[in-house]
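Asker: Turn this into a structure:
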Amino acid sequence: MNLNLTILNKSHNRKKFSCGKKSLDNYIKQQVSQDIKKKLSVCFVLSDEFNIVKGYYTLSNSSIPQSDIPSKFIKRIPKSYINVPVTLLGRLAIDKTIIGKGYGEYLLMDALRESYMVSKNIMGSIAVVVDPIDNEAISFYERYDFIMIPESGKMFLLMNTISKLFQDV
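Answerer: Alright, predicted model coming up:
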């Protein structure tokens, strides 16, 4: 199976997508086009040779209170920054037909690379933040060194850490 990773467009067939999590299935089928039109997020899709969506992730600009991130991770940020800019990896999902084949990691690495390139060349972002949907998602992000934000349920990975993955980019 040949899979392509591109930005979602009208040629992609989203109707058959099923990851087993209703909110993620419904999002790609019903909501994503509206979010893109309203400039709320960008959606990258993994699709097969027939343009059937097999996986996707979304990225958005966001901010979080500086106080959400433990101070040992952001020592040099002035206290005057009540909120700090982050990149929100809002959703990441893989179709049931390709689960367990490394495509979740592939999408995550692409999302981190895209986030890093934007933070390096276009606009500031100190971290990628995720809001895991369940314990399975928490375990997935923990494998890639995401750190839980106390009391919020969100997790983050600092851009300084991400930059080490893509130094040559």
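Asker: quick one: the helices in this protein?
Answerer: Using DSSP state H, the helices found in the chain span residues 22-26, 32-37, 103-121, 135-142, 159-165.
Asker: chain center to the worst-scoring helix or strand of the chain on mean pLDDT: distance?
Answerer: Between all helices and strands in the chain, the lowest mean by mean pLDDT, DSSP states H and E belongs to helix 159-165, at a mean of 90. For helix 159-165, the separation from the chain centroid amounts to 15 Å (computed by C-alpha atoms, centre = their mean, to the nearest Å).
Asker: quick one: residue 87 and residue 63 touch, right?
Answerer: No: with contact taken as C-beta atoms under 8 Å, residue 87 and residue 63 are classed as non-touching, separated by 10.2 Å. Just so you know, the C-beta spots here come from the backbone N, C-alpha and C atoms, and that holds for glycine as well.
Asker: okay, these two: which has more neighbours?
Answerer: residue 87 (28 against 15; other C-beta atoms under 10 Å).
Asker: Low-confidence stretches in the chain?
Answerer: Along the chain, segments meeting pLDDT under 70 span 168-169.
Asker: Please identify the most buried of the helices of the chain.
Answerer: Most buried of the helices of the chain, by mean neighbour count (mean count of other C-beta atoms under 10 Å): helix 103-121, with a mean of 17.
Asker: Could you check the angle that helix makes with helix 135-142?
Answerer: 50 degrees (axes from the mean of the first three to the mean of the last three C-alpha atoms, to 10 degrees).
Asker: List the residues that contact residue 110.
Answerer: Residue 110 makes contact with 5, 44, 57, according to C-beta atoms under 8 Å, 6 or more residues apart in numbering.
Asker: can you redo these as JSON lines with distance to residue 28 and neighbour count?
Answerer: Formatted as JSON lines, those follow (distance: C-beta to C-beta, whole Å; neighbours: other C-beta atoms under 10 Å):
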{"residue": "5", "distance to residue 28": "15", "neighbour count": "16"}
{"residue": "44", "distance to residue 28": "11", "neighbour count": "18"}
{"residue": "57", "distance to residue 28": "10", "neighbour count": "23"}
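Asker: I'd like those residues laid out as a markdown table, including distance to residue 138.
Answerer: A markdown table is the format used below for the contacts of residue 110 (distance: C-beta to C-beta, whole Å):
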| residue | distance to residue 138 |
| --- | --- |
| 5 | 25 |
| 44 | 22 |
| 57 | 17 |
